[in-house]
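**Student:** Need a 3D model of the sequence below.
(chains A and B)
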Amino acid sequence: MSTDTTPKAAGKLEGAAGDDSPAPAARVGRVAAWTFLIFIIVISIFPFYWALRTGLSNNGVLLSGDGSFLPPDASLINFQRVLGLLSAEEAAEFRGTGSFDFGRALRNSIIIATCVTFFQVAFSAMAAYAFARLKFTGRDKLFNLYLAGLMVPPIFVLIPNVILIRDLNLLNTLPGVMAPFLLMTPFAVFFLRQFFLGINRSIEEAALLDGAGHGRTFFEIILPMAAPQITTLAVLTYVQSWNEYLWPLVVAGDPEVQPLTVALGVFTTQQPGTSPDWSALMAATLLAALPVLILFAFTARRLVDSIQFSGIK
Amino acid sequence: MSSTAPPASEEAAIAANPQKPKQSLFRATQGDAGWRVAFWFLLPSLIGFLTFFLIPGLRGLYIAFTDWNLIANSGSFIGLDNFERLLNDDPQFWNSMRVTAWYVFLNIVSQTILSVTIAVMMDRLTNSIFVRGVMLLPYLMPNVIVALLWLWMLDGNLGVVNDFLGFFGIGPVNFFTDTTNVIPTIAGINTWRHMGYTALLIFAGLQTIPKGLYEAGALDGSTEAQMFRSITIPLLRPVLALVLVLTIVGSFQVFDTVQVATGGLSGQPGGPANASRVIYLYIFQNAFNFNDMGYAAAISVVLVILLLVVTVIQMRLLRAGESDLA
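**Tutor:** Just a heads-up that it's a prediction; the model follows:
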C-alpha cells in the first residue's frame, strides 16, 4: 500500500549517493515519501495551531469571520478571561464565562496528578523490586495475577469501585478521585519490573553481603540505578492521570474537586442551544494542555524510546 | 510456584521453576523467609490491587446477577435475568453492539493502514526523534481536549474543515449531527490521536528487521512492493499482531471522545438518534443515568467476554509470538 509511492527507494537509507541504482526514480520516491511525512506532521500539529489562533481571536469577530489563517483581531483577552484575570465588569461583557473556574480545576488537576504520580510510582517500584529481585513462594503466580489486571477494562471495575468510594464517604473528595490509582497500577509494576530484571545482580549482592538490608539496597542501589526509567514512568503516569476522565466524571460531581478534563467537558454542556464561546473554550483547552506540552518538550526523546520499548516487550 | 534456589539469570529461574522437587523442603522455608521481606515491599500495591482490581472484579461479576441500584442500594440475586434481558429484550444493546463494531472496524482499518505507512516511511527516511516526537503529541493529549479541538474544527457552520471543503465546493458537512457521519467522524478523530503512537510501535518492530535483507532483495531486483510483501509483513507479524490486539481491545472501549463530542452540543451523549451510543457509553448510561447498575454490570461482563474472545482469536489467527525470522 504505502510502498507504491516509493517505487525504488529500496535499501537506500544511507546509500543515497550510490551510483549503480536508478537514482531519479528513487529520488521521486523519496520526495513523495517526505511529502507524505510532512503532511502527517502538519496534520498532527495543525489542531493545536488552530486552537491558538481561535483562542487569540475575538469571539464576536470569529462568528462572522472567515477561516483566515491568522487570528482576526488578535488579543490575549480570552486567556485572561479563562485565568480570571479580568475584573467582574470586564468579564460581564462576555457570554458564559463565570460558569467555569479554571484556576480551581487547574489546582485540582495538579494535586491529583502529582499525588497519584508520586505514590503510584513509589509503591509500584517497591512491588516491582519484590517481583524482580526477591524470592518468595507464589511470586510468579501473584505477578501473573497482577498482569491479568491489565486485561480488565476499566468499566468493569468502575461500578464496584464507585460503590466502594461511596460507602467510604469519599464521593466528591480529592482522596476519592485519587484512590484507585494511588497504590498501584498493573502497568507500572510490569514496566519497572522489566528494568529491575536487567540490573546486574552482583552489585546488589555485594551490598547485601556488606550488611545492607533489602530496604537500603532498594533505596540506595536499585532506585538510583533505575532513575531514568522511573522518571519516564513518572512522566507517563503524570500524563495519564492528567488525562483521566471517566473516573473523576463519576466520583467528582462537585465542581469543587473536578479536574480540568471534567470541568472542560461540563463547560460545553452548559450552553445548550447557543453557539458556544469558542474563543474562550479554545483558550482554556490550550491552557489545559499546556502542562503536558511542557512535560513533553523536556522528555520527548525518553517518552518515544519508552513507548517503543513497552510495545516490543 | 515455589521459588528457585540461587540467583542465576532471573528469566531462566522463572522458566525453569517447576522441576526438581527434591529441594522443595529447603526452598519452602527459604520462600517463607523471603515472604517476610517481600511482604513489606508488596503491601501497598497488594492493598491497591485487592481493593481496586481483584475484589471489585469479583464484585462486579456478582452485581451482574443482581438488580442492584445506587438509590435503593439493595441488590437481590436475580440469576440470569439481566443476561436474558440484554439478549432478548433490549434493542438498544444490539444497537450499541452494532455501532461499536462499525466504529472498531473503521478505526482499525484507517489506523492500521496509516500507521504502517507512516512507520515504513520513517524507517526508510529518518531516525529523527523530532519527527517521531511530533507524531506522538496528539496521543499525549487528554481525550476531552482532543474532542473539543475537533468539535471546533469540524463545526458545521464555523469549522475550518468545512471552510476547507467549501473551497473545493464540498459541503458543508454535518460531521457530528448526521447519523451516518458521526461514527466515521469519531473514528477519524481517534485515528488522528493514535496514528503516531501506533506508528511508533510498528516502527520499533521495523527497526529489528535486518537491513541486509532489503539490500539483498534490491540486488535480486525485487520491487519495493514485493519486498514489503515478502520481507516486511512476515517479519513484522509478531509486532503487528500485538499492536492489533492492543488497538482493537482499546477501540472497543471508546468513551471519552463520544461522551464529550456528542454530549454537549448536540444533546444527549450517544446522539444523534443513538447513532453513536457505543457499548461503553451504554454501560455508563445504564449505571449512572438510568441507575440500573446490575444491568450495566451484566453488559460489562459481556464486554469482557467479547474482548477475551477477540484477543484469543486474534492471537491464534496471527500466530503472535512466532516470528518468521528464527
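**Student:** Could you tell me how far the host helix or strand of residue A:159 lies from the centre of the chain?
**Tutor:** Element membership for residue A:159, per DSSP states H and E: helix A:154-167. With Cα atoms, centre = their mean, to the nearest Å as the basis, helix A:154-167 stands 23 Å off its chain's centre.
**Student:** Tell me which residues are up against it.
**Tutor:** With contact meaning Cβ atoms under 8 Å, 6 or more residues apart in numbering or on different chains, helix A:154-167 is reached by A:171, A:176, A:179-180, A:246-247, A:250-251, B:51-53, B:55-57, B:59-60, B:63, B:70, B:253, B:255, B:280, B:283-284, B:287, B:293, B:296-297, B:300-301, B:303-304. Placement of C-beta: from N, CA and C, glycine included.
**Student:** what does stretch B:183-195 give?
**Tutor:** With Cβ under 8 Å, 6+ apart, stretch B:183-195 has contacts from A:40, A:43-44, A:47, B:99, B:102-103, B:106-107, B:110-111, B:114-115, B:118, B:135, B:138-139, B:141, B:143, B:146-147, B:150, B:154, B:175-176, B:247, B:250-251, B:254, B:257-258, B:261-262, B:275-276.
**Student:** Among these, which lie within strands?
**Tutor:** Judged by DSSP state E, the contacts of stretch B:183-195 include no members of strands.
**Student:** Is there a quick PyMOL command that grabs whichever of those are buried?
**Tutor:** Selecting only the buried entries of those in PyMOL, with 16 or more other Cβ atoms under 10 Å in any protein chain shown as the criterion:
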select buried, (chain A and resi 40+44+47) or (chain B and resi 99+103+106+107+110+111+114+115+118+135+138+139+141+143+146+147+150+154+175+176+247+250+251+254+257+258+261+262+275+276)
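**Student:** pull the CA atoms of the helix holding residue A:159 into PDB?
**Tutor:** Backbone C-alpha positions of helix A:154-167 (Å, rounded to 0.1, in the frame of the first residue of the first chain) are rendered in PDB as follows:
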ATOM      1  CA  PRO A 154     -11.800  -0.100  33.500                       C
ATOM      2  CA  ILE A 155     -15.600   0.000  33.100                       C
ATOM      3  CA  PHE A 156     -15.800  -3.500  34.600                       C
ATOM      4  CA  VAL A 157     -14.400  -2.400  38.000                       C
ATOM      5  CA  LEU A 158     -15.900   1.100  37.700                       C
ATOM      6  CA  ILE A 159     -19.300   0.300  39.200                       C
ATOM      7  CA  PRO A 160     -18.000  -1.700  42.200                       C
ATOM      8  CA  ASN A 161     -15.300   1.000  42.800                       C
ATOM      9  CA  VAL A 162     -17.900   3.700  42.800                       C
ATOM     10  CA  ILE A 163     -20.000   1.800  45.300                       C
ATOM     11  CA  LEU A 164     -16.900   1.300  47.500                       C
ATOM     12  CA  ILE A 165     -15.900   5.000  47.300                       C
ATOM     13  CA  ARG A 166     -19.500   6.000  48.200                       C
ATOM     14  CA  ASP A 167     -19.600   3.600  51.100                       C
END
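**Student:** quick check: mean pLDDT across it?
**Tutor:** The average pLDDT within helix A:154-167 is 92.
**Student:** buried ones in that helix?
**Tutor:** A:155-165.
**Student:** Stretch A:249-261 now?
**Tutor:** With burial defined by 16+ other Cβ under 10 Å, the residues of stretch A:249-261 counted as buried are A:249-252, A:255, A:257-261.
**Student:** Give me the most central residue, the chain.
**Tutor:** Going with chain A. residue A:239 (2.5 Å; Cα atoms, centre = their mean).
**Student:** my question was about chain B
**Tutor:** residue B:250 (1.3 Å).
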